[in-house]
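Chemist: The following comprises the amino acid sequence and a computationally predicted model.
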Amino acid sequence: MTPEELQEARMNPDFLGFLQEKEEAALKSRSISELYEVLDSLLILDLDENRIHKIYGEILKVAFDQIEDRLKGDKKLSLDDEDIYFVRSFYEHAIEKWSMENHDGAKELFFILSQIVDDEKFVDAVNVLLLACAQNKDMDSFYENDVKHLNEVEEEKYGYFILDFNFDTKEYLDKNINLVQEQYEKLKHLLN
């Protein structure tokens, strides 16, 4: 959308009414895909921050409930269908914790993601982030220095995540396998 189209949408009472109805329906249904649709609209339009926080809070509640149920059933998540929204919410929460320098909280969430998602490329990248948090690296510096900034992602499902680095991911993880295993050992209690 152009800046003019965004401004027009922000001022269009019909569209804002539709968005309000969609928001209420999403909150009532607790559908994570609908909640994300509303959240993304609110973010794009740069609307009321309280509404954004309310929707994001509900997304986290739904995701945590669903992920807990999945863990009880020993079923891993994929990056397909509705699962991607659960993974995305957990991942975004980890990034948020890291950005607030809560390295331990972020590390715990990255560890859980590494255990519950069935996608090798994603899990390898999450392990890189887990190690960065274990080493108390500053998120902004890490992003600036270690993340490869691509214009396009290979598959849409990967577009929500940091997956490409300025080093070979497999080599980096192989070189740091002892640190990965040490972190896994420290954090395995989270899965009980």
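Modeler: Thanks, I have it.
Chemist: hey, C-alpha coordinates of the helix or strand harbouring residue 126 in PDB?
Modeler: Following DSSP states H and E, one finds residue 126 within helix 120-134. This file holds the C-alpha atoms of helix 120-134, laid out as PDB (Å, rounded to 0.1, in the frame of the first residue of the first chain):
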ATOM      1  CA  GLU A 120      15.500 -28.600  10.000                       C
ATOM      2  CA  LYS A 121      16.300 -25.200   8.500                       C
ATOM      3  CA  PHE A 122      14.200 -23.500  11.200                       C
ATOM      4  CA  VAL A 123      15.500 -25.500  14.100                       C
ATOM      5  CA  ASP A 124      19.200 -24.900  13.000                       C
ATOM      6  CA  ALA A 125      18.500 -21.100  12.800                       C
ATOM      7  CA  VAL A 126      16.800 -21.200  16.200                       C
ATOM      8  CA  ASN A 127      19.800 -23.000  17.700                       C
ATOM      9  CA  VAL A 128      22.000 -20.200  16.400                       C
ATOM     10  CA  LEU A 129      19.800 -17.700  18.200                       C
ATOM     11  CA  LEU A 130      19.700 -19.800  21.300                       C
ATOM     12  CA  LEU A 131      23.600 -19.700  21.400                       C
ATOM     13  CA  ALA A 132      23.600 -15.900  20.800                       C
ATOM     14  CA  CYS A 133      21.300 -15.600  23.900                       C
ATOM     15  CA  ALA A 134      23.400 -18.000  25.900                       C
END
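Chemist: Please identify the buried residues of that helix?
Modeler: For helix 120-134, a neighbour-count test (16 or more other C-beta atoms under 10 Å) marks 122-134 as buried. Just so you know, the C-beta spots here come from the backbone N, C-alpha and C atoms, and that holds for glycine as well.
Chemist: before we move on, what about stretch 164-179?
Modeler: Neighbour-count burial for stretch 164-179 [16+ other C-beta under 10 Å]: 164, 165, 172, 173, 176.
Chemist: Sort out which of those residues are in helices and list them.
Modeler: Per DSSP state H, helices hold the following members of those: 172, 173.
Chemist: Just put the buried residues of stretch 164-179 in JSON lines and tack on distance to residue 3.
Modeler: What follows is these, written out as JSON lines (distance: C-beta to C-beta, whole Å):
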{"residue": "164", "distance to residue 3": "29"}
{"residue": "165", "distance to residue 3": "33"}
{"residue": "172", "distance to residue 3": "40"}
{"residue": "173", "distance to residue 3": "42"}
{"residue": "176", "distance to residue 3": "44"}
